[in-house]
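J.: Please find the sequence and the predicted model below.
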Amino acid sequence: MTLESKQHDLTVTRVFDAPVAAVWAAWSESEQMKQWWGPAGFTCPVAKMDFREGGVSLTCMRAPAEFGGQDFYNTWAYQKIVPMQVIEYLMGFSDQDGHPIDPTTLGLPPGMPAEVPQTVTFKAISDHQTEITMTEYGYPSQEIVEMSKMGLEQCLDKMAALLVTV
């Protein structure tokens, strides 16, 4: 008898009331990233963007005080960028200097991958609406997918609020 480990992917699609250029800027510009990255109540005090193929950005989500105020750093290693169309990157858990770390040291569940391939596609619905589809690949369980989905949807809610003000 053999045991196969099944991989689980997460795909979220969202339509924003903003042109593609504005949604693209939210993903590629540091000051905009700081306004939406992280679930509800979290802040993003660090978004050092090296937004280019081969570049690596460093982001930080800071938990609210009532959840301990912990910082969660990630690197985003960009593999493919097609302006206004697609971003492919490898998201990795890291320390504040961008060195890889085991996500369980942050209190995340066992089995959480240290690196997660991600793809974001951008599609103009009209001059003032953009659809993005974000896919995260290779989670070991549906429970981890659901945890990531909850956080991602809260981030995208914050992005939608940001884009209203643009």
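T.: Thanks, I have the structure now. Residues are numbered from 1 along each chain as shown.
J.: Which helix or strand in the chain has the lowest average pLDDT?
T.: Of all helical and strand segments in the chain, the minimum by mean pLDDT, DSSP states H and E falls on helix 142-165, at a mean of 93.
J.: Determine the set of other helices and strands touching that one.
T.: Secondary-structure packing of helix 142-165 (3 or more CB pairs under 8 Å, 6 or more residues apart in numbering; DSSP states H and E): strand 8-16, helix 20-28, helix 30-36, strand 129-139. Every C-beta, even on glycine, is put in place using the N, C-alpha and C of the backbone.
J.: Can you name the residues in contact with it?
T.: 8-10, 12, 14, 16-18, 22-23, 26, 32, 35-40, 109, 111-112, 134, 136, 139 (CB atoms under 8 Å, 6 or more residues apart in numbering).
J.: picking that back up, how about the helices and strands packed on helix 142-165, which one is nearest residue 103?
T.: strand 129-139 (11.6 Å; CB to CB).
J.: who does residue 133 bridge with?
T.: Under DSSP bridges, the beta-bridge partners of residue 133 are residue 13, residue 121.
J.: tell me the secondary structure for residue 117?
T.: Of the three states, residue 117 takes strand under DSSP: H, G, I helix; E, B strand; the rest coil.
J.: any idea how far residue 155 is from residue 120?
T.: Residue 120 is 12 Å from residue 155, where distance means CB to CB, to the nearest Å.
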